[in-house]
Structure formats: C-alpha cells, structure tokens
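Engineer: Task: produce atomic coordinates for the following.
(2 chains)
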Amino acid sequence: MNDRDREQFDDELTAKARELAGDVEPERDLWPGIHAAIHESMQGPAATASVFGASFQRYLAQAAAVILLVGGSSGLTYLAISGDRDNVSPVAAGIELPLDAVSASFGSQYTLGPDFQDARRNVEGRLETELERLSPEARAEVEANIETIRTAIAEINKALAEEPDNVLLQQLLLSSYQEELAVMRKVNGITNTVMLRDDI
Amino acid sequence: MEALVGTEALAVEGGSVTETEQDRVRRAQAADTRAFEALYREHVGKVYGLCLRMTGNPSEAEDCAQEAFIQAWSKLDKFRGDSSFGTWMHKVAVNVVLGRMRKSRREQDRIRAVGDISPTPESIGDSGGMQDLEQAMNELPTGARHVFVLYAVYGYSHDETGEMLGIAAGTSKAQLHRAKRLLAQQLEPASGVT
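Structural biologist: Residues are numbered from 1 along each chain as shown, chains lettered A, B, ... in the order given. Below you'll find the model as predicted:
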C-alpha cells in the first residue's frame, strides 16, 4: 500500500467509522438498577441526617439537662452559703473570692490533666473541713448540689463511652469538672470569710 | 413514548408544552427522578454504545453505562450546561470505563491475549463491512481503541479526546495513527475498507 492508497484507506476508514451507529441499545433496561441506586442515595443522606439529627437532639437535651443541673446546683450552693454568711456577718462581704483559673484539659480516656487533678484534690481535701464550719442546713444543701454535679459528670462519662468523639459531650464534661471545682472553692472561700468574722 | 417520561408535569390545559433537554436537566438537578429517567431514555444508547466500544464486552458495558448514570445523578449539580448533556454523559462514562479498567485485571489479561493483532478469517471480508470494522476495532489495543472510538466514531476532536482520556492531544493523534495502521492490517485483505 503506497502513501496515496493509505491516505485513501484512512479517509474511507474514518468515513466508515462515522457511519457506525452512535447509539447502541443495551439488551436489558438499565433504569431499574439506576433508579434503585438513586433511591438509596436519596435516602442515605436523609437517613444519615435523620440519625445525626436524633443523635444531636439527644445530646442537646443531655447538654441542656446538665447545664440546668450544674447551673442550678451552683446557684443553690451560692445561695445556701451566702445565706449562712449573711447570718454571720456583713463585715467581710467585700472580700474577693480567690477563684484562680486552672487550666483544664483531657488526657487520654477523658482523664483530666495533672494540673487540674492537683487543684481538684487540693480543694476537695479542704472541703470536708470547710463544710463543717457551715450550718447543718447549708452543709446539706451544698453536699446535695455537689452530688448533683458529680452525677451529671458520671452521666456525661457514660454518654462519652458510647460516643467517644462527641465534642459537645467532651466540652460539657470539662465545664462540669470546672463547675465542681468552682463550687468547692466557693465553699472554701466563704467559710474562710466566716472565719474572718469569728476572728473579729 | 418512553422519552416522554417526566414531561407530564408540563402538560397544560388544551395541549402540552414541549420540554427541552435543558428543562429536564434542571428538573433532574432539583432531584426529579422522572426527569432524570427521561434523560436516561434519551441518552442510554449513546452512553452504552460508547461503553461497549471502549470495553469490547456487552456485560461490562452495561455495568459501565449503569454506573455512569448513577454517577451522573450524584454529580448533576456540577453540570453547568457548557456542553450538551450527551457530551457530559460521555465524559462521565469514559471516566467510569477508565476507572473500572484500572481496577480490573481482566483488561490486562485481555491486552496480553490480544498481543499483536493478526487477521482472523471470521473478522475479514464478511458481507457486513460494518461488522468487520466493529470486530477489528474491538481487537485494537486499549489506548488505540479508545482514541479511535472517541475520535473516529463519536467525532470528538483530538483536544476533546485527550481531555476525556487524560492524555495529550499529540498522544491522541499518535494513537489514532496506530489504530488506523492496525485496522488496515486487519481490513486490507478484504475489498477496500468494507
């Protein structure tokens, strides 16, 4: 085949190829399979969203409950202790409570960091002594409220065992620990204030 | 009548409004599966034909065409109408075929089995010249076959063919040249191309 023949062959070949039917119908209807896959994909994200929504709502409800518990407990603790303080003396009312910020972070398995653990142990160790300085009613109130916070912490830990990567629960746990520490420090601070009055 | 699937929504009192492909695409983009079915009915032949010629295997081609439409559904929001829906579907189908071929060792076996093309009695000189050509195309090595199908059968330019296959336009030209030479070897003994 010379060049001219080859050129002619190429032209004929291209023309022939263009004549081939572009459309070839498959032997079976592919739509049912496509429709099923589409249907599944449409349900998939919705189902996921629904699951996520349900999960999120559950956590939101848990979060709201815990915030109410912790906030309520802190408030009640404050009122109980304040009531005791008011009964004793207004002299030290202006004293600032030493609520130092303690950095808190989770280590592995939601164990609090060593700094926070130290601060917590320190305050907890003094708590019993300080509680004895309060009136029996105020003491019972504070103990009940700290217990409420600890119950909430236990509940959050349980939820975290199921959903270890849930950031909302992690944050909630952290703030609950901080709240517990703050309440215990308030008790210590206010009983110290009461002591000031006794000294007088 | 099948192609009318999905157009009922536009029926109006005293007649019906002709729905364009663009309308169907828009409705499909809004998650209207009936509009997408209408698009499928219109384009399945073109998509399956391409898949069949690229894979050379009817069963594999059906899987590819099906997957192409499923992928197209999930990517419909990316279709901006710069090209026709048919061309866009072809691009999706080519990607599906190439993706499946990469995963499949069958194609590697096929390439090895084909080796150097040699004419076979049943592929030459039968009364249906088109069948000869189809058969000869089917026996081309993968790269040459893909280029020949896209360029010669479906009329894409070398730039478009290269873009679809992820190769340079120059490579597309070289593969076409190779395909023609191999087809000449196959078809030459017959009278003319046909």
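Engineer: Quick check, central residue of chain B?
Structural biologist: Nearest to the mean C-alpha position of chain B, counting by CA atoms, centre = their mean, stands B:Leu50 at 1.7 Å.
Engineer: Quick check: which element contains that residue?
Structural biologist: Assigned by DSSP states H and E, B:Leu50 falls within helix B:33-55.
Engineer: swap in B:Gln186?
Structural biologist: Applying DSSP H and E, one finds B:Gln186 within helix B:169-187.
Engineer: Report the mean per-residue pLDDT for that helix.
Structural biologist: The average of the pLDDT scores along helix B:169-187 is 91.
Engineer: One more: stretch A:118-135?
Structural biologist: pLDDT averaged over stretch A:118-135 gives 76.
Engineer: Give the residue spans of chain B that score low on pLDDT.
Structural biologist: Residue ranges of chain B with pLDDT under 70: B:1-17, B:105-129, B:189-194.
Engineer: Give me the distance between A:His137 and A:Thr148.
Structural biologist: Not quite, residue A:137 is Glu, not His. 17 Å (CB to CB, to the nearest Å). (C-beta placed from N, C-alpha, C; glycine too.)
Engineer: okay, the two: which has more neighbours?
Structural biologist: A:Thr148 (20 against 11; other CB atoms under 10 Å in any protein chain shown).
Engineer: for the more buried one, phi and psi?
Structural biologist: phi -60, psi -40 (degrees, to the nearest 10).
Engineer: interface residues of chain A facing chain B?
Structural biologist: For chain A, the contact set with chain B under CB under 8 Å from any CB of the partner chain comprises A:1, A:6, A:9-10, A:12-14, A:16-28, A:30-31, A:33-35, A:37-39, A:41-42.
Engineer: What's the local residue count around the closest residue to chain A within chain B?
Structural biologist: Nearest to chain A, among the residues of chain B, is B:Gly45, at 3.1 Å (CB to the nearest CB). Residue neighbour count, defined by other CB under 10 Å, stands at 16 for B:Gly45.
Engineer: Can you pull the poorly scored residue ranges out of chain A?
Structural biologist: For chain A, applying pLDDT under 70 flags the ranges A:1, A:44-116, A:163-168, A:188-200.
Engineer: Which parts of it are helices?
Structural biologist: A:3-19, A:31-88, A:114-131, A:136-162, A:167-199 (DSSP state H).
Engineer: again with chain B
Structural biologist: B:21-29, B:33-55, B:58-74, B:85-103, B:105-114, B:129-138, B:142-148, B:158-165, B:169-187.
Engineer: tilt between the first one and helix B:58-74?
Structural biologist: Calculated by axes from the mean of the first three to the mean of the last three CA atoms, to 10 degrees, helix B:21-29 forms an angle of 80 degrees with helix B:58-74.
Engineer: Quick one: list the elements packing against helix B:21-29.
Structural biologist: If you count contacts as 3 or more CB pairs under 8 Å, 6 or more residues apart in numbering or on different chains; DSSP states H and E, helix B:21-29 packs onto helix B:33-55.
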